[in-house]
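# here you go, sequence then predicted model.
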Amino acid sequence: MNSAKILIINPGSTSTKIGVHLDGEMKVNESVKHADEELRKFPTIWHQYDYRKEAIIGVLSDNGLSVTDMNAIACRGGNVKPLPGGTYRVCNRMIEDMKSGIYGAHPINVGGLVAYDLGREHDIPVFTADPPMTDELCTSARYSGIPQIARQSSFHALNQKATARKVSVELGKNYQDVNLIVVHLGGGISVGAHRNGKIIDVNNALDGDGAFSPERAGTLPAGDLVKLCFSGEYTKDEVLKLLTGRGGLYAYLGTTNAIEIERRIAQGDQKAAEVYEAMVFQVAKEVGAAAAVLEGKVDAIALTGSLVYSKVLLESLLKKISFIAPVHLNPGENEMEALADAVLRYFNREEDLAVYS
Ligand SMILES: Nc1ncnc2c1ncn2[C@@H]1O[C@H](COP(=O)(O)OP(=O)(O)O)[C@@H](O)[C@H]1O
Ligand SMILES: CCCC(=O)OP(=O)(O)O
């Protein structure tokens, strides 16, 4: 269906990406960056509803467009029940699960609600594809170490899948026939082990484990975390914010902005250099772990996300991981195109919708 007019909404932790896919082409693709000072004002992600909505409507109107010009909306997210990958129509049940916070609290839930409300207001169907809870983990990856806690995937599934498919094409192979390590380097960081078209292991990039990231703590020493929780110095919400939103680079350097951190490093800031290098060190360890999960049979490593634009990060990371497999660089993300493609596959009757149950 070449006449599809799709509004694409992709809220990240540090940005809102807005796209408009018209007549088979991405006519608008803008990333509105949100300063740390702006986001800090909101006590919870739900308080960002108007702020994120204004960013979306603002980009549309700057481009002489309005929601009423669209015949579909596609959004990334949100934190819903663990489910198989695929394209879903956003339904009330999904929205209720996003609101519950049981599956995580990330601005994609707010974006999902904005999309859902706009869809209802203007009678436009709303879709999502490969949400963060896309679950293809192998059995061993589900074990945490205690039966009370099962590991679960909560990560950049949409970009991990889209990047993996793109790199498979670059390798001249089918995604189902290759083993890949995909590293998403954004506000959050996920490292996925892709075996024959399935992500059999990945860190919980939202509030679970893995490398620390611009705004997340990643894996913490468990005993020390427990002591901190019971120290009486922090409320539960404060601890959760240390894990997601105010952890990682932000906690050490007071900013999630890698461009600013690179500037400080260039000016001789030793602390900034040390922290930035520590993040790279942790990412490299995750890549090594994924290589072991794939038993050393790795066709390629793909680096994606906006941090791949960072020369300082790239130089150090490549030194540490290039021995494992050829590294393919995919700076930015493929999420906007992937969301548009998912809707078009459905409109063109090439793929059925998956059902959220
Ligand atoms: N050109 C760039 N060079 C270096 N770092 C960048 C660049 N653009 C964005 N970043 C950094 O990438 C991170 C955000 O990545 P992004 O993929 O936009 O994440 P999100 O979608 O989670 O907001 C931030 O630390 C940001 O400062
Ligand atoms: C829940 C995973 C989605 C995510 O972490 O996205 P950002 O890194 O873009 O904030």
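Perfect, I can see it now. Ligands and ions are numbered 1, 2, ... in the order given.

# starting at the chain centroid, how far to stretch 261-279?
Chain-centre distance of stretch 261-279: 24 Å, with CA atoms, centre = their mean, to the nearest Å.

# so what touches it?
189, 211-213, 248-249, 252-253, 255, 258, 310-313, 316 (CB atoms under 8 Å, 6 or more residues apart in numbering). Glycine gets a C-beta too; all of them are placed from N, C-alpha and C.

# any idea how far ligand 2 is from S140?
22 Å (CB to the nearest ligand atom, to the nearest Å).

# if we can go back for a sec, the contacts of stretch 261-279 in helices, which ones?
G248, L249, Y252, L253, A258, K311, V312, L313, S316 (DSSP state H).

# for the chain, which helix or strand comes out least confident on mean pLDDT?
Ranked by mean pLDDT, DSSP states H and E, the helix or strand of the chain with the weakest confidence is helix 36-40, at a mean of 90.

# buried set for whichever helix or strand comes after that helix?
Under the assignment DSSP states H and E, the closest C-terminal helix or strand after helix 36-40 is helix 49-62. Buried residues in helix 49-62, counted by 16 or more other CB atoms under 10 Å: Y49, Y51, R52, K53, A55, I56, I57, V59, L60.

# contact partners for the nearest residue to the fourth one once chain neighbours are set aside?
On the basis of CB to CB, 6 or more residues apart in numbering, the spatially nearest residue to K53 that is not a chain neighbour turns out to be V114, at 4.8 Å. When contacts are counted by CB under 8 Å, 6+ apart, V114 touches I9, Y49, R52, K53, I56, C75.

# wait, does the helix or strand encompassing V114 make contact with ligand 1?
In the assignment (DSSP H and E), V114 maps to helix 107-122. No. Helix 107-122 does not reach ligand 1 (CB under 6 Å from any ligand atom); its nearest approach is 8.6 Å.

# that helix to helix 49-62, inter-axis angle?
Compare the direction of helix 107-122 with that of helix 49-62 by axes from the mean of the first three to the mean of the last three CA atoms, to 10 degrees and you get 60 degrees.

# helix or strand right after helix 107-122?
Next along the chain from helix 107-122, counting by DSSP H and E, comes strand 126-129.

# and the gap between A141 and ligand 1?
For A141, the distance to ligand 1 - CB to the nearest ligand atom - is 23 Å.

# that residue: how many residues sit nearby?
For A141, the number of neighbouring residues by other CB atoms under 10 Å comes to 19.

# also Y250?
23.

# same question, R120
R120 has 11 nearby residues by other CB under 10 Å.

# pull up the gap between it and S100, please.
Distance, R120 to S100, using CB to CB, to the nearest Å: 20 Å.

# how about I18?
The value you get for I18 to S100, if CB to CB is used, is 26 Å.

# just the element for the residue sitting furthest away from the middle of the chain, please.
Here the centre of the chain is the reference, and by CA atoms, centre = their mean the most remote residue is G232, at 32.5 Å. Following DSSP H and E, there is no helix or strand that holds G232.

# tell me the pLDDT at it?
Looking at G232, its pLDDT reads 98.

# now the strands for the stretch 151-300 of the chain?
With DSSP state E, counting those that start in this stretch, the ranges of strands along the stretch 151-300 of the chain come out as 179-185, 189-195, 198-202, 300-305.
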